[in-house]
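Trainee: give me a model of this one.
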Amino acid sequence: MRNTLCLLVLLAASFATGHAVARKIDYAMPPTPAIAEGLTFKVAAPVPPDAAPADAKPKRGLLVATNTLYLDDARRISYRQDFGGGGLATGLLLGPLGAAANAKAIQNANERESAALRGKFPFTPDDLLGRALAARPAVAGATVDAELTPSLFVTRDANERLIFWAIVDVSIGEWRGRYSALMQGRVPLADATQGLSGDPLRNLEWGLQSAYANALDAMTADIAGQLTGFSKQHAKIEALSPRFAGMVKYEHVLRSEERVIVRALAPGKYLAQGMGFIGVLVVPASDVTFGP
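Mentor: Next comes the predicted model:
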């Protein structure tokens, strides 16, 4: 049992950082040289679902081989979670057949929950990012074009509360980056499936707009070469993998009283969706537990 638990921790660590131990690690880094002239932003138009390349899959596999499910027609809001089966230990102990059955049970739960959530969020990532951009002060003399593609990743915790990540993919010339900010606070799954309105809906939209603002702040500072002082840290970020959260040694962590910034894996040929968690992560400090 002890060996199984050790394996679980190793797999959770690989899941949180998105790589296998033997792989050479390329971390998400800003463009070189830094761009200090200021940026002009353009939000990319959604890509029609049938226009995506057939082989447009994340280069690195996910811990549980389940499909990403979308909550909107534009495929900008995705949903995945890892509850519903017997757990990772069950799959490991029962062998390949047990693992397949376990993955199928998790996928069934994903499909059931995503169907209940589909169409229940009356906003788009484009609108939320647009509001965050409109609230930013204008930069005089900005000369560099940055194309932004917003999306939302939704998962849930063991208490059936939804967790929201506001994601901004950015393209500047040949450089690609991704900045993902965790929204502070969670929404009961049961409330969301019934459809939010009034103050709960306004609070969710404001929370998501604030998360996009945090992603933009980190992105612009990073591109300008202003994010410095990263160090190795042991930390647990439960929102990355609620079912398998554990203490992980991260190579590039920047801490402040308000938030924690982590450099995860560099984006590959195709930007991973769902729980790949590539790019730069921006997490409220209250959502991070640090170890020695």
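Trainee: every contact and neighbour count from this point should use C-alpha atoms.
Mentor: Will do.
Trainee: secondary structure class of Asn108, three-state.
Mentor: When classified by DSSP: H, G, I helix; E, B strand; the rest coil, Asn108 comes out as helix.
Trainee: what ranges do the strands span in the chain?
Mentor: 39-43, 69-70, 77-79, 144-156, 161-172, 175-182, 187-188, 231-236, 248-255, 259-263, 280-284, 289-290 (DSSP state E).
Trainee: and the contacts of the third one?
Mentor: With C-alpha atoms under 8 Å, 6 or more residues apart in numbering as the test, strand 77-79 has contacts from 68-72, 110, 114, 125, 151-155, 273-274.
Trainee: right, and Ala285 touches Glu258 too?
Mentor: Yes. Under the criterion of C-alpha atoms under 8 Å, Ala285 makes contact with Glu258 at 5.4 Å.
Trainee: who has more neighbours, the two?
Mentor: Neighbour count, other C-alpha atoms under 10 Å: between Ala285 and Glu258, Ala285 has more, with 17 against 9.
Trainee: ok, now which ones touch that one?
Mentor: Contacts for Ala285 (C-alpha under 8 Å, 6+ apart) come out as Arg255, Ser256, Glu257, Glu258, Arg259, Val260.
Trainee: just the buried members of these?
Mentor: Among the contacts of Ala285, those buried by neighbour count (16 or more other C-alpha atoms under 10 Å) are Arg255, Arg259, Val260.
Trainee: coming back round to it: out of the strands of the chain, which gets nearest to Pro137?
Mentor: Nearest of the strands of the chain to Pro137, taken as C-alpha to C-alpha: strand 39-43 at 11.8 Å.
Trainee: list the contacts of the spatially most distant residue from the centre of the chain.
Mentor: Within the chain, the residue lying farthest from the chain centre (C-alpha atoms, centre = their mean) is Gly141, at 32.1 Å. By C-alpha under 8 Å, 6+ apart, the contact list for Gly141 reads Glu37, Gly38.
Trainee: low-confidence ranges in the stretch 51-200 of the chain?
Mentor: Along the stretch 51-200 of the chain, the model assigns pLDDT under 70 to residues 51-67, 85-102.
Trainee: surely Ser149 meets Val170?
Mentor: I think there's a mix-up here, since residue 149 is Thr and not Ser. Yes. Assessed by C-alpha under 8 Å, Thr149 is found in contact with Val170 at 6.4 Å.
Trainee: and of the buried ones among the contacts of Ala285, the nearest to Gln209?
Mentor: Arg259 (16.1 Å).
Trainee: which residues does the closest one bridge with?
Mentor: Pro284 (DSSP bridges).
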